[in-house]
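>>> Pasting the sequence and the predicted coordinates here, then a few questions.
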Amino acid sequence: MMDDEPYFLNLADLRKKSAAQQWLVKGMIPSDAIGLLFGESGSYKTFVALDLALCVSHGCQWCGRKTLSGPVLFVAGEGGAGLLKRIDAWHKYHGLPIDDAGIRICPIPIYLDEEEVLEKVVDEISGLKIKPVLIVVDTFSQCFSGDENSNHDVSNFLSDLVSCLRSDIEMCTVLLLHHPGHSEKARMRGATALKGNVDFVHKLSKKDQKREAKLEAEKIKEAELHPPVSFEMLSVDLGVDDDGDNINSLVAIANGELPEGAKRSVSLKKYDRQVLAILERKPSGVVEGELKNVFKDEQNSLGQSIQNASLNKGFDRAIKKLEEVGLISRSNGYVRLVNNDQAD
């Protein structure tokens, strides 16, 4: 609030102020706000947050909704070194030039609750002569030196962060990535003040054994909660490394965002899952002929009276589908699971 603004507004002025609310993502994430995205490890939090960050930095829609385009800062407190591969994969998939991405990465955790660290962040932003519209912190626990179970510590941290944003970085949204409770997965870990003192909360959960995640709104201050959004993780081929091994990474794609001509991965059937289960027991890979024999032996051990020719066809179809959707690679008669960098 500006010094010359009145504390009390009449209803007409209040209506104008309410109508002027701005969004980072229309109807989903407010601008000039602090919020949380929480979910278990393996629920693709970083992939979804990175998709949001890159869409904002390029001025693209996110989840089919208008975004506030502008610079983005990403604090990669968990696995900053591997983030570049994910960024490369995102740009290759979407066909956008990486040089146009208005995003800057901090590859180490920084304690944002420490005054000197927060001051350095503000000084760096000022020196870069940018006004970020989004700061992603991955994760809250990696960038918070206090007691995350203490309402006092958490409230002070959020209060200081809000004061900094209001005075030095106008119209910036901060997204904190966080984990659920150890025993109660439906709620966030730590102090209740964390949820109570933020402007929005989204929960991300992995869908069964598929490479899919569901994003649900639990809180959006002064707005209706939007319907859940499903994300699919698609594998992108980035070539080979110095040893000739394939390099892949996943890209989070919201429902309806597949570009024209792109293939959506097919839901896995029984034989597909059984082939994957065998390969998961053989992380270094296996000769394709040996894989087929193990597959057929396992079918026979289940007591199923299936002709050998039918099993061969079922195996061949499963291998072809798994390769098409990027779950496995085949080279020189050898089959292995694709390393898709699925940490979080």
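That came through fine.
>>> so where do the strands sit in the protein?
Secondary structure of the chain (DSSP state E): strands at 23-25, 29-30, 34-38, 72-76, 103-106, 134-138, 173-178, 200-206, 212-220, 229-240, 246-254, 286-287, 328-331, 334-337.
>>> Show the low-confidence segments of the protein, by residue range.
Scanning the chain for pLDDT under 70 picks out 1-4, 17-21, 79-81, 165-166, 181-186, 209, 256-268, 301-306, 339-344.
>>> Tabulate the strands of the chain (CSV), appending distance to Leu311 and mean neighbour count.
Just so you know, the C-beta spots here come from the backbone N, C-alpha and C atoms, and that holds for glycine as well. Output for those, formatted as CSV (distance: least, C-beta to C-beta, whole Å; neighbours: other C-beta atoms under 10 Å):
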stretch, distance to Leu311, mean neighbour count
strand 23-25, 49, 22
strand 29-30, 50, 25
strand 34-38, 44, 23
strand 72-76, 46, 25
strand 103-106, 49, 18
strand 134-138, 45, 26
strand 173-178, 45, 25
strand 200-206, 31, 21
strand 212-220, 29, 19
strand 229-240, 27, 18
strand 246-254, 28, 22
strand 286-287, 17, 15
strand 328-331, 18, 16
strand 334-337, 17, 18
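>>> Tabulate those (TSV), appending distance to Lys270.
Shown next, in TSV, are these (distance: least, C-beta to C-beta, whole Å):
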stretch	distance to Lys270
strand 23-25	39
strand 29-30	40
strand 34-38	34
strand 72-76	39
strand 103-106	42
strand 134-138	37
strand 173-178	35
strand 200-206	21
strand 212-220	19
strand 229-240	21
strand 246-254	24
strand 286-287	20
strand 328-331	17
strand 334-337	18
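>>> and Asn149, which of the ones you listed is closest to it?
Closest to Asn149 of the strands of the chain is strand 173-178 (C-beta to C-beta; 12.9 Å).
>>> For the residue nearest the centre of the chain, give me its contacts.
With distances taken as C-alpha atoms, centre = their mean, the residue of the chain nearest its centroid is Val48 (2.2 Å). Counting by C-beta atoms under 8 Å, 6 or more residues apart in numbering, Val48 touches 37, 204, 213, 215, 231, 252.
>>> Tell me the buried residues in stretch 307-322?
Of the residues in stretch 307-322, 311, 314-315, 318-319, 321-322 count as buried by neighbour count, 16 or more other C-beta atoms under 10 Å.
>>> Equivalent analysis for stretch 140-147, please.
For stretch 140-147, by 16+ other C-beta under 10 Å, it's 140-144.
>>> Out of the residues you listed, the closest to Ile103 would be?
Using C-beta to C-beta, the buried residues of stretch 140-147 come closest to Ile103 at Cys143, 17.6 Å.
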